[in-house]
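Engineer: Structure of the sequence below:
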Amino acid sequence: MSNHPRFRMGRPVITPAAQAVLERAGISPTVLLGRHLRGDWGELGIADIASNELALLIHRRLLSSYVIPGGGRVWIITEADRSVTTILLPEDY
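Structural biologist: Predicted structure coming up:
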């Protein structure tokens, strides 16, 4: 996997709930954003990974999902137009 971003992220946004979960776990949102931008989609099934790879080519929405130690999960979604990337909890969606 390359260290270079595979797409533009646009404006980064994080929901208050996701910020709180990451702070409690001692995880930097920047680290997860870096993984997302490099195409490390986290803990997704094969179909969702394939969907992201296709979305890179046809400019659709991108989704990553990362398990947080101690419980929980954080999603990162980049909009199809690449204007914004949001870090959120699944229940924030």
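
Engineer: Low-confidence ranges, this structure, go.
Structural biologist: 1-2 (pLDDT under 70).

Engineer: Now do the helices in it.
Structural biologist: In the chain, the helices defined using DSSP state H lie at 16-25, 29-37, 46-58.

Engineer: which of these is buried the deepest?
Structural biologist: Most buried of those, by mean neighbour count (mean count of other Cβ atoms under 10 Å): helix 29-37, with a mean of 17. Bear in mind the C-beta positions are built from the backbone N, C-alpha and C, glycine included.

Engineer: quick one: contacts of stretch 62-79?
Structural biologist: Identification of contacts with stretch 62-79 by Cβ atoms under 8 Å, 6 or more residues apart in numbering yields 7, 9-10, 18, 21-22, 24-25, 27, 32-33, 35-36, 40-44, 48, 51-52, 55-56, 61, 84-90, 93.

Engineer: buried stuff in that stretch?
Structural biologist: Using 16 or more other Cβ atoms under 10 Å as the test for burial, stretch 62-79 gives 62-66, 68, 72, 74-79.

Engineer: Quick one: end-to-end distance for that stretch.
Structural biologist: With Cα to Cα, to the nearest Å as the measure, the ends of stretch 62-79 fall 7 Å from one another.
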